[in-house]
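K.L.:
after the sequence you'll find the predicted model.
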Amino acid sequence: MQTSDLLNSYVVDPNTWDEMYAHSDVRQQYQHVVEFLQQMNIEELNKKEEMAKKMFMSQGITFTVYNSGEGIEKIFPFDIIPRIITASEWTYIESGIRQRLKALNLFLKDVYNSQFILKDGVVPTEMVYSCPHFLREMHGFQVPHDIYVHVAGIDLIRDQDGTFYILEDNLRTPSGVSYMLENREITKRIFPDLIPRNNVRTVTEYPDILHRNLVSLSPRQTANPTIVLLTPGIYNSAYFEHTTLARLMGVELVEGRDLVIDNHRVYMKTTSGLQRVDVIYRRVDDEFLDPLVFRPDSMLGVAGIISAYRKGNVAIVNAPGNGVADDKAIYAYVPAMIRYYLNEEPILKNVPTYQLGNREEQEYVFSNMNRMVVKKTNESGGYGMLMGHTASDEEIQRYQAEILKDPRQYIAQPIISLSSAPCYMNGRMQPRRIDLRPYALCGPDGIQIVPGGLTRVALREGSLVVNSSQGGGSKDTWVLAS
Amino acid sequence: MLSRVADSLYWMSRYMERTDGILRMLRINYASSQDDIQDFSWKPALRIFSYIAEKDAGTVAQNSREVLQYMVTDRENANSVLSIVTRARENARSVQDHITKELWQCLNEFYHIIRDGQVARGLHADDPISILDVLIRQGLLYYGTTDVTMARGEGYAFINIGKFLERGVQSADILDIKFSDLQYDFTLMDTNYWKYLLLSISGYELYLKTYRTGFEARNVVELIVLNEDFPRSVIYSVNQLYRYFERLKSDRNKEAYLKIEFMIGRIRSRVKYSTVESILEHGLHSYLKGLKQDLYEVGNAFNLHYFAYT
């Protein structure tokens, strides 16, 4: 069987935007890739797929699932066919994200200081104070360069007409960037010459930019500040990412137990005594960061780190307390923030969001449950979510009862039919739903977005949930130069 | 360097050295079990490399294939090659930013190979030597990758400290247990016994070139303890341990450095200025026991002064 047959079996849902096909024509950006794939037969493609899997395994790009005492190495499923974004689409996405991050940063500064936006009634005060991620510890503290969000992974999706929407702003410890880097390395190996021929922009500068930004945050005026990446340890599912980033930046990978605080300064324990730490890129969540301030039972953090931070003796990236800006209920107010702080119209759209704490919106949502997705505001990773179009009446009733217990905890959004992209599965090309998470880095010199990102794929046919914890996979993501 | 990182590198290296020791011992023991089945016993090998109880050793030790499975792929046995490689990899995994990517991949591959069902199946039903050879070669790949790719910094020093401390203990241990099996009777002239012992630590050829008088127990002791050219001898291991430890010298942490320098220096002199005669006069068992004890104490001093154990 030839690949042309594979393509013939590719059936696009007419109510879905497909990244490769417009009606039955291949979009221009995909033409080279389709021609290339047409020269291959199933055996070759299967071999490529197998090769990709082997490379992930042997490089240890895996996470360990602990079942019955014994660790099993799993790989994050990878689809060999790249997702392609055109230059003009990228320019648009980039400007939209830049605008949004600027506003979110200003919001964080405002909400932890003067709170003009609350006083002017643009964002309801109770919405902020009822958010569990709003940290009183951050109030009145001036963060270096006024930057709260140093690393953001903003999730974008496309509706059936191809319009981009912002789905989520991940401003705390967004993960997945190592897959942006590794997926590209794998594509280089399995499809030699394909990347240069397509004029794909490189993503390799990501660790360099991040490192430069981290250096610039050092509270000490020293040529060679000590920068560390704080990881929860080898049992964390993103541990591979932490080691990759530490390696690529040449910084020390530390765990909480490697650090001690003395006189409001952070030190790491080394073979030649204590060494002062200047900047911490932490991949430990707020609540585990400091047992003296947050969860007292946390073993992952460092006792006293927040007071060292507040004294200005160490920089923490991302700033604690960012969760108040990417809360799913606050999300609805981001367009208003953009208008309020920047006096601009939002470039990228929000998905319409209904607050279940609001009586009228709640009524509307309850009477349209089968067209809605309901989410918990403080959950992520696709947990605690109800997809109205597939849920049974009984499930909906049970979920509604849950909502009524604490409506502030929930929001609802109309179900967006995510765009689809070709995936190579079981010897056939099949459309699967995808999203896009580009990574933005904010430093004193401004916001930089590496041209690329993580494309997550809902591997199950028809599924709209791309989260890796719900059986999602990923693709290499190409941004074309022209 | 972070104390935790130094600790992990040191243990990664100790475990890999142990892996190599076990695999070579198993390979040669298996070969000799095919040769002279009446006198052969796995007991000494089991005593050197596992904590198996004396009575269990008796039953397991009869069956070569069972021993191989127990020592290579048994998940329950904390001293099986599988368990040890898993621990070496866990250590490597937590210091991936301090070892080269090649080294990490090499260890990671070793881990995947040994967990693959083929190894267990081969040991059960196929030619065990081919299987052990594959594993030994993977270990050699580890040594080579370390040598060719690792920067000559502090991390490399800790890797070598772990390696040679482990090797020194191992060689003393092998000698002690092999002789205790003979009740330290130096008059016994069993050529095969010494031949297989020397083969298992890659010292056979050097022995033949050094001694022209056939196999004698005292020559075996001399080779394994005192020969400075033999890479698995106690003196060679201690010299290398000293050499790599010296690289840790710095003005910071000086007190700890001097303390351990004294300890290793004393072991080194004691071995260097021993002769076979003085060792035998002292009593081989108590000499080796004292040596092992001193090496263990060096290990404990590292825990305390360099790895921030509390």
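P.N.:
Arrived safely. Numbers count the residues shown, from 1 in each chain, chains lettered A, B, ... in the order given.
K.L.:
the residue in the stretch 201-310 of chain B that chain A sits nearest to: neighbour count?
P.N.:
The nearest approach of the stretch 201-310 of chain B to chain A comes at B:Arg252, 3.8 Å away (CB to the nearest CB). C-beta: built from backbone N, CA, C; applies to glycine. As a burial measure, B:Arg252 scores 12 neighbours (other CB atoms under 10 Å in any protein chain shown).
K.L.:
next: B:Arg93.
P.N.:
22.
K.L.:
isn't it up against A:Thr62?
P.N.:
No: applying CB atoms under 8 Å, one finds B:Arg93 not in contact with A:Thr62, separated by 10.0 Å.
K.L.:
in terms of helices and strands, where is the nearest residue to B:Thr73 once chain neighbours are set aside?
P.N.:
Counting by CB to CB, 6 or more residues apart in numbering or on different chains, B:Thr73 lies nearest to B:Ala120, which is 4.4 Å off, once chain neighbours are set aside. Using DSSP states H and E, B:Ala120 falls within helix B:117-125.
K.L.:
following that helix, which helix or strand comes up?
P.N.:
helix B:128-149.
K.L.:
tell me what the helix or strand following that next one is packed against?
P.N.:
Using DSSP H and E, the next helix or strand after helix B:128-149 towards the C-terminus is helix B:154-180. Applying 3 or more CB pairs under 8 Å, 6 or more residues apart in numbering or on different chains; DSSP states H and E, one finds that helix B:154-180 contacts helix B:3-33, helix B:43-49, helix B:191-200, helix B:217-221, helix B:234-246, helix B:284-305.
K.L.:
worst mean pLDDT among the ones you listed?
P.N.:
Note on those: helix B:43-49 shows the lowest mean pLDDT, a mean of 82.
K.L.:
please enumerate the strands of the stretch 101-250 of chain A.
P.N.:
Taking DSSP state E, counting those that start in this stretch as the criterion, the stretch 101-250 of chain A contains strands spanning A:151-158, A:164-170, A:227-230.
K.L.:
what is the first one packed up against?
P.N.:
Think strand A:151-158. Checked by 3+ CB pairs under 8 Å, 6+ apart, strand A:151-158 has helix A:87-111, strand A:164-170, strand A:439-443 packed alongside it.
K.L.:
quick one: closest of those to chain B.
P.N.:
Closest among these, using CB to the nearest CB: strand A:439-443, at 20.0 Å.
K.L.:
direction included, what does the closest one pair up with?
P.N.:
Strand A:439-443 has the following strand partners under DSSP bridges: strand A:151-158 (antiparallel), strand A:446-449 (antiparallel).
K.L.:
pLDDT weak spots in the chain?
P.N.:
No chain was given, so I picked chain A. Chain A contains residues with pLDDT under 70 at A:1-5, A:66-70.
K.L.:
my bad, the chain I had in mind was chain B
P.N.:
B:36-39, B:54-55, B:57-58, B:189, B:310.
K.L.:
counting neighbours, what do you get for the closest residue to A:Tyr239 other than its chain neighbours?
P.N.:
Nearest residue to A:Tyr239 in three dimensions, chain neighbours excluded: A:Thr231, at 6.4 Å (CB to CB, 6+ apart). With neighbours defined by other CB under 10 Å, the count for A:Thr231 comes to 25.
K.L.:
ok, A:Thr231 - contacts?
P.N.:
The contact partners of A:Thr231, taken as CB atoms under 8 Å, 6 or more residues apart in numbering or on different chains, are A:Tyr239, A:His242, A:Thr243, A:Leu253, A:Val254, A:Glu255, A:Arg283, A:Val284.
K.L.:
can you get me a residue count around A:Arg339?
P.N.:
14.
K.L.:
hang on, it in a strand?
P.N.:
No: A:Arg339 is assigned helix when assessed by DSSP: H, G, I helix; E, B strand; the rest coil, not a strand.
K.L.:
is it true that it touches A:Glu345?
P.N.:
Yes: A:Arg339 lies in contact with A:Glu345 (CB under 8 Å); the separation is 7.1 Å.
K.L.:
tell me which parts of chain A are close to chain B?
P.N.:
Selection of chain A residues close to chain B by CB under 8 Å from any CB of the partner chain yields A:57-60, A:70, A:73, A:233-234, A:239, A:243, A:246-247, A:251-255, A:257-258, A:268-273.
K.L.:
which among these end up buried?
P.N.:
A:57, A:59-60, A:73, A:234, A:239, A:243, A:246-247, A:251-255, A:258, A:268-272 (16 or more other CB atoms under 10 Å in any protein chain shown).
K.L.:
next step: the residues you listed restricted to helices.
P.N.:
A:Met57, A:Tyr239, A:Thr243, A:Ala246, A:Arg247 (DSSP state H).
K.L.:
and the furthest pair within these?
P.N.:
A:Met57 and A:Ala246 (21.4 Å; CB to CB).
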